[in-house]
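Novice: just a sequence and a predicted model for now, questions to come.
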Amino acid sequence: MILTLTPNPAVDVTLVTEHVDRGASRSIETALRRAGGKGVNVSRVLAQQGVPTHAVLPVGRDDEAWFRADLATVPHTLVVCEAPTRHSYAIVETGEDTTSMLNESGSARGAREWDDLLTALHGPVRRADVLVASGSLPPGAPTGTLQALTVLGRAAGVPVVLDVAGAHLLAAADAGADVLKPNRDELVAALGEVDPLDGARALQRRGARLVVVSLGADGMLLVPVHGDPVHARLPAPLHGNPTGAGDAAVAAVASLVRGRDVASLDHEDLTAVARRAVAWSAAAVLSPWAGSLGGDPAALEHDVVLGARPATSGPPDARPVP
């Protein structure tokens, strides 16, 4: 079972329109609302693909019933908090083939609520093959949160996969995460590194093990501590909604490292992880909302191209895949 933690979940609202008339009014179809947040999206993708999963997330007291109903198909544990759950808004312009995101930062949570959240992991982690913590942390999150999660996973004997950004990305590396999944922009923001391989190596010098870098239209770069990096991409970028494509990649990675010592993965193992991560990420682009895959992920795996190390930036007209 793959256990996911979403420290800062959201009510994901997707608005679809041909284009946005700035400063004007426009009628649209009814907005789609789903329980979201990166860890929730990971669990949704895994459940869709038949991989056992369990999602743990804090929610506002007034949002509990709605989240429980919306996550009916995903095994989950809700930790009820006083502050309301944040919202995120995806504005999909079909005429422009663009998606814009507006994300609330979320509300601060009390020390006891953080304790309750970590306590909620103790039972499920004993049955887990992987512990995934994914997404932003709300304002005021304890500085030792990622360290505590890594210690919890290590004590349970399972790999810890972390998908966080900014200062939390550096903290995750310092905590010795088994897998880190930044994208290229997050590497630059956290480290000032332009080259993705250099950025991955910098995270490993801080303590991270396998680093999986999303490169947009250029695919993904998997950098092990020992051995050669693996670069994988599709022959051409896909068009659609990229919101959640990185979460699908995390789900793919977690599905293939569960119960494994990440340091023991050989080149063949890494190649399999790279193929699935690119394929699931691309399939997520073909879905209209985050947390699901469209198209045929298995067929996309066969289309993945393995090649030399990528350039530091993609072509200027490329659409993002992961």
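Specialist: Sure thing, it's come through.

Novice: what's the distance between residue 30 and residue 235?
Specialist: From residue 30 across to residue 235, the span is 37 Å (CB to CB, to the nearest Å). In this view, the C-beta of every residue, glycine as well, is placed from N, C-alpha and C.

Novice: residue 249 now?
Specialist: 18 Å.

Novice: tell me the pLDDT of the spatially most central residue of the chain.
Specialist: The residue lying closest to the centre of the chain (CA atoms, centre = their mean) is residue 247, at 3.1 Å. We have a pLDDT of 95 for residue 247.

Novice: before we move on, what about residue 314?
Specialist: With respect to pLDDT, residue 314 scores 40.

Novice: residue 31 too?
Specialist: Reading off the model, residue 31 has pLDDT 87.

Novice: neighbours of residue 24, just the number please.
Specialist: 6 (other CB atoms under 10 Å).

Novice: sorry, wrong one. I was asking about residue 298.
Specialist: Neighbours around residue 298, by other CB under 10 Å: 11.

Novice: got it, and residue 244?
Specialist: For residue 244, using other CB under 10 Å, the count is 27.

Novice: please apply the same query to residue 31.
Specialist: Counted with other CB under 10 Å, the neighbours of residue 31 add up to 12.

Novice: what about the strands in the stretch 101-250 of the chain?
Specialist: Here the stretch 101-250 of the chain has its strands, by DSSP state E, counting those that start in this stretch, at 130-134, 160-163, 179-180, 210-214, 220-223, 230-233.

Novice: related to what we said a few turns ago, and the residue nearest to the centre of the chain, how close does it get to residue 234?
Specialist: The gap separating residue 247 from residue 234 is 18 Å, by CB to CB.

Novice: over to residue 183?
Specialist: For residue 183 relative to residue 234 (CB to CB), the value is 16 Å.

Novice: which one is residue 12 nearest to, not counting chain neighbours?
Specialist: Closest residue to residue 12 apart from its sequence neighbours, by CB to CB, 6 or more residues apart in numbering: residue 36 at 3.2 Å.

Novice: give me the number of neighbouring residues for that neighbour.
Specialist: Neighbour number of residue 36 under other CB under 10 Å is 30.

Novice: any idea what it is bridged to?
Specialist: residue 10 (DSSP bridges).

Novice: ok, now how distant is it from residue 20?
Specialist: Distance, residue 36 to residue 20, by CB to CB: 21 Å.

Novice: out of residue 183 and residue 234, which sits in the busier spot?
Specialist: residue 183 (22 against 19).

Novice: can you read off the pLDDT for the nearest residue to the more buried one once chain neighbours are set aside?
Specialist: Excluding its sequence neighbours, the residue lying closest to residue 183 (CB to CB, 6+ apart) is residue 214, at 3.9 Å. Residue-level confidence at residue 214 comes out at 93, pLDDT.

Novice: and residue 214, what does it touch?
Specialist: The contact partners of residue 214, by CB atoms under 8 Å, 6 or more residues apart in numbering, come to 181, 182, 183, 184, 220, 245, 246, 249, 281, 322.

Novice: mind listing what's buried in the longest helix that the chain contains?
Specialist: Counting residues, the longest helix found in the chain (DSSP state H) is helix 267-285. Neighbour counts using 16 or more other CB atoms under 10 Å place 269-271, 273-285 of helix 267-285 among the buried residues.

Novice: likewise for stretch 3-11?
Specialist: In stretch 3-11, counting by 16+ other CB under 10 Å, buried: 3, 4, 5, 6, 7, 8, 9, 10, 11.

Novice: and for stretch 168-181?
Specialist: So stretch 168-181, judged by 16+ other CB under 10 Å, has buried residues 168-173, 175-181.

Novice: do the same with stretch 38-51
Specialist: Applying 16+ other CB under 10 Å to stretch 38-51 flags 38-49, 51 as buried.

Novice: quick one: which of the residues you listed is nearest residue 62?
Specialist: residue 40 (18.1 Å; CB to CB).

Novice: not counting its neighbours along the chain, what's nearest that closest one?
Specialist: For residue 40, ignoring the flanking residues on the chain, the nearest one in space by CB to CB, 6+ apart is residue 6 at 5.0 Å.

Novice: quick one: contacts for the one you found?
Specialist: By CB under 8 Å, 6+ apart, residue 6 lies in contact with 37, 38, 39, 40, 55, 56, 57, 134, 135.

Novice: many thanks, I have nothing further to ask.
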